[in-house]
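[1] sequence? don't have it. structure:
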């Protein structure tokens, strides 16, 4: 009996058919047991958390380490130990920056919380007086004025300390989980140092494994995609650090000029939240406005005015100039990446959406140019 012409007579067709059926079965199993799959993925993510931290830490630390290593390579007495010295100096720089942040942030944060606790009764009294001016809200104003907040705080402390609920056990469990996560993060940092020290060897081993397992053309494509993502993330991190530093220095200078409180703490907050593209400065500034409002609402308004002006200058002139050349991503697509990434993965998505979208944008542009060249066509 003759084989139909529309069905290949070799084993490749049946291999592809079996592969499609296998994928369909796995997909159906995932849909039917998605909760168990999510728990499994969460368990795997928790186990691999130190490795993820190590990779991220090595990637960020690689930025100053490469520059320091190039400088040490020019010195003959340091050339043979340039890798270890460059990593050590980079770590010292990171620790020094964290120390500056802690010394600027923690004391002022404690002082601000004390001021907030001291000013809270007066602020509530002012809020109650303001509500009393509105006829429809006078009932709530009376209730607010009759509350003994000292008694509320005392009962709250008795409620927690007395052990009438599981709050104590929940706090202990949360503290234990936090301590475990700190240990995992520390292990990840150490692992990142090892990754950084052996980065050439690890890269070579991964390439050898890929070439041994796959076809050369496919592996070349995967390596090119990885190189594009690496370059985009490298440019993004450098650009974000530079933009955050410029924004922080400008904000600190204007706060000191206008005599606003907590200049160092708020500037330190802004430099970290500023890592979120475009809107990070506003988030950090909003937190700072709350701290300033406790002491002086008028100064808080001045701070917000300064923040708006600086943000407009940064988003319209500085940020596009810094990120445009390094990432090659039009501003409209930057906003799309932030919106989509934030909607899907929250703050982490807003942070990583721009470099990921930039890499995809670059690869898609390369594909379009290649296809148009093959077809000898142009739009």
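    That came in fine, so what should we check first? The model shown is predicted, which means the values in this text are computed figures rather than measured ones.
[2] what about residue 38, helix or strand, and which?
    helix 34-47 (DSSP states H and E).
[3] Also residue 15?
    Taking DSSP H and E as the definition, one finds residue 15 inside helix 11-32.
[4] what about that helix, distance to the chain center?
    37 Å (C-alpha atoms, centre = their mean, to the nearest Å).
[5] now swap in stretch 47-66 and tell me
    Taking C-alpha atoms, centre = their mean, one finds the center of stretch 47-66 at 13 Å from the center of the full chain.
[6] So which residues make contact with that stretch?
    With contact meaning C-beta atoms under 8 Å, 6 or more residues apart in numbering, stretch 47-66 is reached by 45, 86-87, 89-91, 93-94, 181, 184-185, 187-196, 199, 233-234, 237-238. All C-beta spots, glycine's among them, are computed from the backbone N, C-alpha and C.
[7] where does the protein have low pLDDT?
    By pLDDT under 70, the low-scoring segments of the chain are 1-13, 104, 116-117, 119-173, 274-281, 347-348, 377-379.
[8] coming back round to it: next step: the contacts of stretch 47-66 restricted to strands.
    Taking DSSP state E as the definition of strands, the contacts of stretch 47-66 contribute nothing to them.
[9] Can you flag which of these belong to helices?
    Restricting the contacts of stretch 47-66 to those inside helices, with DSSP state H as the criterion, leaves 45, 86-87, 89-91, 93-94, 181, 184-185, 187-196, 199, 233-234, 237-238.
[10] Pull out the buried positions in stretch 65-77.
    By neighbour count, and taking 16 or more other C-beta atoms under 10 Å as the criterion, the buried residues in stretch 65-77 are 65, 68-69, 72.
[11] And for stretch 307-321?
    Within stretch 307-321, the residues that count as buried by 16+ other C-beta under 10 Å are 307, 310-311, 314-315, 318-319.
[12] cool, stretch 331-347 as well?
    With the criterion 16+ other C-beta under 10 Å, stretch 331-347 contains buried residues 334, 337-338, 341-342.
[13] Could I get the residues you listed in a markdown table, plus columns for distance to residue 107 and secondary structure?
    Output for the buried residues of stretch 331-347, formatted as a markdown table (distance: C-beta to C-beta, whole Å; DSSP: H, G, I helix; E, B strand; the rest coil):
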| residue | distance to residue 107 | secondary structure |
| --- | --- | --- |
| 334 | 37 | helix |
| 337 | 37 | helix |
| 338 | 34 | helix |
| 341 | 35 | helix |
| 342 | 33 | helix |
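[14] May I ask which two of the residues you listed are separated the most?
    Greatest spatial distance in the buried residues of stretch 331-347: 334 and 342, 12.3 Å, computed using C-beta to C-beta.
[15] about what we covered before: of the ones in helices among the contacts of stretch 47-66, grab the buried ones for ChimeraX.
    Applying 16+ other C-beta under 10 Å to these, the buried members can be selected in ChimeraX as follows:
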select :86,87,89,90,91,184,188,189,191,192,193,195,196,199,233,234,237
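[16] Quick one: residues in contact with stretch 178-193.
    Where contact means C-beta under 8 Å, 6+ apart, the residues beyond stretch 178-193 that reach it are 49-58, 61, 87, 91.
[17] Identify, from those residues, the entry nearest to residue 355.
    Comparing these against residue 355 with C-beta to C-beta places residue 56 closest, at 12.7 Å.
[18] Phi first, then psi, for the closest one.
    Main-chain torsions, residue 56, degrees, to the nearest 10: phi -60, psi -40.
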